[in-house]
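Enquirer: coords please:
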Amino acid sequence: MTTPRTAAPQLSIITVNRNDQDGLAKTLASVHEQQSFAACEHLVIDGGSTDGSIDVIRRYADRLAHWVSEPDAGIYAAMNKGIARSRGEFLLFLNSGDWLAPGVLAATFADFPAADVAYGNLQFMIGDQPGKLWVPPEPADLNFTFWVRGTLPHGATFIRRRLLAERGYDENYRIVADREFFFRTYLRGEATFAHVDRLVSYFPRGGISNDPRHAELRQAELERLFRPHLRPLDLARVCANRTPDEAILDELLRRRHELVRASAPLRRQLRRWIDFFFWLQRHRATRAGLRAAARFLERREEQPRRPL
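Expert: Prediction:
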């Protein structure tokens, strides 16, 4: 169901739900409480819930720009439905069970950064108790290796709608499509990023991406996502501890991506560059140790020998 349209808002909040009436009620209430920020529309995409979710939606129906309840092909298919119906300049995906920090929308949009992707901080919740506060890195640290090892807090990130309007999330991924979108956007240089150092939302531990039952699927999807970009590298080597030369690695990986359609000789040349980089990293400590040993022996030779 859709309410009459007015001028396009600054922000569209998209909430996806299936059989989580309590979490949905908490999410809807937190959005409704952002009354000091009026330039916002809220859309709810329900996957054909059979609990009391529809009753919860109907209680808030006059405050929703659009809602629907019907079976779908998964969480990202539902998000894509919401994208197609949204009109805001920016999108925020606040799924059922997540909730906004009080007054955060008015505070954020009063001084919104000149960026296409503005990401804030996210508070993990363990029951009613706060867990870890997720403070993502500054844009300067969003390099290739960052995306291999992590991502941005989806429920605390404002995304310019044009970035998702044409293609949306890749529904071939069941768990990591949001990570694929961020990674793809970064690689193509399609967007500017900014960190809003403010608590945006609360996220209860759980969900499909953190469910241990889906660990194997998640790992398989991550390998499928990154392996085409990391060949001929061993993915495990890239995911190892950060190195002092990470900026060099990042540049090499960027070049590899740019040359993915280049001729075979160029790809072989780049492979040699990258393999040399890892060889250098592996042998640097050995060379430093040999130089130190040589200096030690030289000092020993220079010292006068004591008579026996």
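
Enquirer: can we go C-alpha only for contacts and neighbour counts from here?
Expert: Will do.

Enquirer: so where is the stretch 151-300 of the chain shaky, pLDDT-wise?
Expert: Within the stretch 151-300 of the chain, the set of residues satisfying pLDDT under 70 comprises 206-212, 229-300.

Enquirer: if we go to 50?
Expert: Low-confidence segments of the stretch 151-300 of the chain (pLDDT under 50): 231-236, 238-245, 261.

Enquirer: same check, this time on the stretch 1-150 of the chain
Expert: Residue ranges of the stretch 1-150 of the chain with pLDDT under 50: none are present.

Enquirer: for it, which segments count as strands?
Expert: Counting by DSSP state E, counting those that start in this stretch, the stretch 1-150 of the chain has strands at residues 11-17, 40-46, 66-69, 90-93, 99-100, 117-126, 129-134.

Enquirer: can you list contacts of the third one?
Expert: So that's strand 66-69. Here strand 66-69 makes contact (Cα atoms under 8 Å, 6 or more residues apart in numbering) with 1-3, 42-49, 54, 57, 61, 85.

Enquirer: now for these, which pair is the farthest apart?
Expert: Farthest-apart pair in the contacts of strand 66-69 is T3 and S49; separation 21.4 Å (Cα to Cα).

Enquirer: which one's more surrounded, these two?
Expert: More neighbours surround S49 than the other of T3 and S49, with 16 against 12 (other Cα atoms under 10 Å).

Enquirer: how much space separates P204 from D128?
Expert: Between P204 and D128 the computed distance is 9 Å (Cα to Cα, to the nearest Å).

Enquirer: neighbour count for the two, which is higher?
Expert: P204 (18 against 7).

Enquirer: quick one on the thing from earlier: list only buried entries from the contacts of strand 66-69.
Expert: 42-49, 54, 57, 61, 85 (16 or more other Cα atoms under 10 Å).

Enquirer: what's the following helix or strand after the lengthiest strand in the chain?
Expert: Ranked by residue count and defined by DSSP state E, the top strand of the chain is strand 193-204. Next in sequence after strand 193-204, counting helices and strands by DSSP states H and E, comes helix 215-230.

Enquirer: got the CA coordinates for that next one in PDB?
Expert: Written as PDB, here are the backbone C-alpha positions of helix 215-230 (Å, rounded to 0.1, in the frame of the first residue of the first chain):
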ATOM      1  CA  ALA A 215      29.100 -19.700   8.200                       C
ATOM      2  CA  GLU A 216      30.100 -22.000   5.300                       C
ATOM      3  CA  LEU A 217      27.800 -20.200   2.800                       C
ATOM      4  CA  ARG A 218      29.100 -16.900   4.000                       C
ATOM      5  CA  GLN A 219      32.700 -18.000   3.400                       C
ATOM      6  CA  ALA A 220      31.900 -19.500   0.000                       C
ATOM      7  CA  GLU A 221      30.300 -16.200  -1.000                       C
ATOM      8  CA  LEU A 222      33.200 -14.100   0.200                       C
ATOM      9  CA  GLU A 223      35.600 -16.300  -1.800                       C
ATOM     10  CA  ARG A 224      33.400 -16.000  -4.900                       C
ATOM     11  CA  LEU A 225      33.400 -12.300  -4.400                       C
ATOM     12  CA  PHE A 226      37.100 -11.700  -4.000                       C
ATOM     13  CA  ARG A 227      38.900 -14.400  -5.900                       C
ATOM     14  CA  PRO A 228      38.400 -12.900  -9.400                       C
ATOM     15  CA  HIS A 229      40.000  -9.700  -8.200                       C
ATOM     16  CA  LEU A 230      42.800 -11.300  -6.200                       C
END
